[in-house]
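Undergrad: pasting the structure only:
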């Protein structure tokens, strides 16, 4: 089965780490391309290409202010990603609760593992 084009699907678009980095950076505020380039240490043509993909799938919006193009995230388009990832939140919360319970039980039992020199060095 052929993979969907990165320009047709939000999930494929955010599969690229630099696009996720750009989305995260834009989550704070609307920003011009030059600021994105400088902050993330990427080449301007690369940032423009990634912004184009993100715009094509609707994850970012652009507006012109004079000659400057400003980009911001489109929270409504990000919602499906958030909802999908949320389906796994219960699993991870359950796993974290198990780790916490085990650590607390070890403390109550005075486990020698918690008093080992190797563990003390890592604290």
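TA: Cool, the structure landed. Remember, it's a predicted structure, so these values are computed and weren't measured experimentally.
Undergrad: which residues touch residue 9?
TA: Contacts for residue 9 (Cβ atoms under 8 Å, 6 or more residues apart in numbering) come out as residue 57. (Each C-beta comes from the backbone N, C-alpha and C, glycine too.)
Undergrad: quick one: it from residue 80, how far?
TA: 10 Å (Cβ to Cβ, to the nearest Å).
Undergrad: repeat for residue 22
TA: 18 Å.
Undergrad: more neighbours: those two, which one.
TA: Legend: neighbour count by other Cβ atoms under 10 Å for residue 22 and residue 80, higher for residue 22 (27 against 11).
Undergrad: I figured residue 10 was touching residue 57, is that so?
TA: Yes - using Cβ atoms under 8 Å, residue 10 is in contact with residue 57, at 4.9 Å.
Undergrad: which residues do those two both contact?
TA: Here residue 10 and residue 57 have residue 77 as joint contacts, going by Cβ under 8 Å, 6+ apart.
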